[in-house]
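1. Structure of the sequence below:
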Amino acid sequence: MGDIAPRELISLADEEGNSVTVNVLGRNPGWSAGLDAEIVVWTPFVSGRIDLVLSTSKLVSWATALNRLDAGEDVVWMEWDRGPSISIQLTGERDCPEVVVEDESVSMVTVRVPLVPPDDWIADHRQRLHRVMNHWVPTLSA
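-> This is a model prediction of the structure:
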């Protein structure tokens, strides 16, 4: 792992050029228990990004969401927070997985991204989460 901070918490992409990522940018200067992050949506049709702040509890809730996805359930991550949320529907409107990024509190924009992640994507995301938590959580205050 070295001194390089893990950046990508979520990286869902397919061969069609559709992707949704959550990147950890570093510690939040205004809140010692928070990490600055961003959600980035990229498709051949639309792209955008939105800032968010991650806490230890949001990282733990992402672990719970991964467990639910592994059990075959759809999830909504960060649904009750002020700020954006991410929904993952295993069978979306186009009979393939969809990631829905919604920002009701600020821009009032919703983006639905159909994509087919690789077979091992849940295990990959558990490893990403583990790296992020091991690097960042010890540096955050309670």
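
2. Now the terminal residues of stretch 13-30, how far apart.
-> 32 Å (CA to CA, to the nearest Å).

3. now swap in stretch 43-58 and tell me
-> 26 Å.

4. Now do the helices in this protein.
-> For the chain, applying DSSP state H gives helices covering 56-70, 121-136.

5. Could you dump those helices into JSON lines and include mean neighbour count and distance to residue 27?
-> For glycine as for every other residue, the C-beta is placed from the backbone atoms N, C-alpha and C. JSON lines is the format used below for the helices of the chain (neighbours: other CB atoms under 10 Å; distance: least, CB to CB, whole Å):
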{"stretch": "helix 56-70", "mean neighbour count": "16", "distance to residue 27": "13"}
{"stretch": "helix 121-136", "mean neighbour count": "16", "distance to residue 27": "8"}
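
6. Relative to residue 35, which of the ones you listed is closest?
-> Residue 35 lies closest to helix 121-136 among the helices of the chain, at 5.7 Å (CB to CB).

7. what residues does the closest one touch?
-> For helix 121-136, the external contacting residues (CB atoms under 8 Å, 6 or more residues apart in numbering) are 1, 5-6, 8-12, 24, 27, 35, 56, 59, 62-63, 66, 69-70, 118.

8. on that earlier part again, tell me which of the helices of the chain sits nearest to residue 102.
-> So among those, helix 56-70 is nearest, using CB to CB, at 14.9 Å.

9. on contacts alone, who are the packing partners of that closest one?
-> Under the contact definition 3 or more CB pairs under 8 Å, 6 or more residues apart in numbering; DSSP states H and E, helix 56-70 sits against strand 8-13, strand 75-77, helix 121-136.

10. Having no further points to raise, I will conclude here.
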